[in-house]
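Sharing a sequence plus its predicted fold:
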Amino acid sequence: EAGVTQSPTHLIKTRGQQVTLRCSPISGHTSVYWYQQALGLGLQFLLWYDEGEERNRGNFPPRFSGRQFPNYSSELNVNALELEDSALYLCASSFLQGPDTQYFGPGTRLTVL
Amino acid sequence: DAKTTQPNSMESNEEEPVHLPCNHSTISGTDYIHWYRQLPSQGPEYVIHGLTSNVNNRMASLAIAEDRKSSTLILHRATLRDAAVYYCILRFMGNNAGNMLTFGGGTRLMVKP
């Protein structure tokens, strides 16, 4: 069974630009989560999508947004990039039953210059 | 989610058991105890979870104190591949209103050959 996939693997952008990160969940999973792992700040929750709707978001500015498609894949968009947006962006998926274990992808490493 | 406290780092010898402690004195009756680990350059992966009783799976064992204010993740024979950051996370499973994982600093486990 294929795991959570993310693209691209690495990305370099400059301040002020916009970026789109993509995530494909495990087959059968309806929930997708986005986390940011910046150096020195640990893993922080960004967004949760389920059945195409945003269910919850973390303490991030509105320039962080996303969506979930009918096939449950998801995009994370970050507008007006700032230097501190440099981080590993992790996507996880889960099936909202039982222990609701979250399965993580390998992440997208974003560098903002 | 209630807060957890873990040592910043621990060291173990290869093929010896490792006991990773976690304190969660403010745990509520509906909080499950989850453990995830993050190997270098990878996304986090689920290890084990429990509510009240001790749990075993192929990766590890989880020992939960009778008052549930602490727990211990047990790796029965540490290997070099177990070197990772281990996160103890409390999750309210009463409903899915929040659902995100709240990561603390975790314990960095170093395994010596």
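Right, received. Where do you want to start?

Could you find the closest non-adjacent residue to whatever residue of chain A ends up closest to chain B?
For chain A and chain B, the shortest gap (Cβ to the nearest Cβ) falls at residue A:104, measuring 3.2 Å. The way it works is simple: take the backbone N, C-alpha and C, and place the C-beta from them, glycine included. In space, and not counting its chain neighbours, residue A:104 is closest to residue B:43: 3.2 Å by Cβ to Cβ, 6 or more residues apart in numbering or on different chains.

One more: residue A:87?
residue A:38 (3.9 Å).

Bridging across strands, which residues link to that neighbour?
Going by DSSP bridges, residue A:38 is paired in beta bridges with residue A:42.

hang on, it packs against residue A:82?
No: taking contacts as Cβ atoms under 8 Å, residue A:38 lies outside contact range of residue A:82: 11.3 Å.

which residues of the chain score low on pLDDT?
In the absence of a named chain, this looks at chain A. By pLDDT under 70, the low-scoring segments of chain A are A:1, A:97-99.

actually it's chain B I care about, not the one you picked
In chain B (pLDDT under 70), the answer is B:1-2, B:93-98.

the strands in it, which residues?
For chain B, the strands defined by DSSP state E occupy B:9-13, B:18-23, B:31-38, B:45-50, B:55-56, B:61-64, B:70-75, B:84-92, B:107-112.

circling back: please name the residues that touch the residue of chain A closest to chain B.
Residue A:104 makes contacts with A:4, A:90-92, B:42-45, as judged by Cβ atoms under 8 Å, 6 or more residues apart in numbering or on different chains.

With residue A:29 instead?
Going by Cβ under 8 Å, 6+ apart, residue A:29 touches A:72, A:93-95, A:103.

Please narrow the residues you listed to those residing in strands.
Those of the contacts of residue A:29 lying in strands (DSSP E): A:93-94, A:103.

quick one: which of these is nearest to residue B:38?
Sorting the ones in strands among the contacts of residue A:29 by how near they are to residue B:38, with Cβ to Cβ, puts residue A:103 at the top with 13.1 Å.
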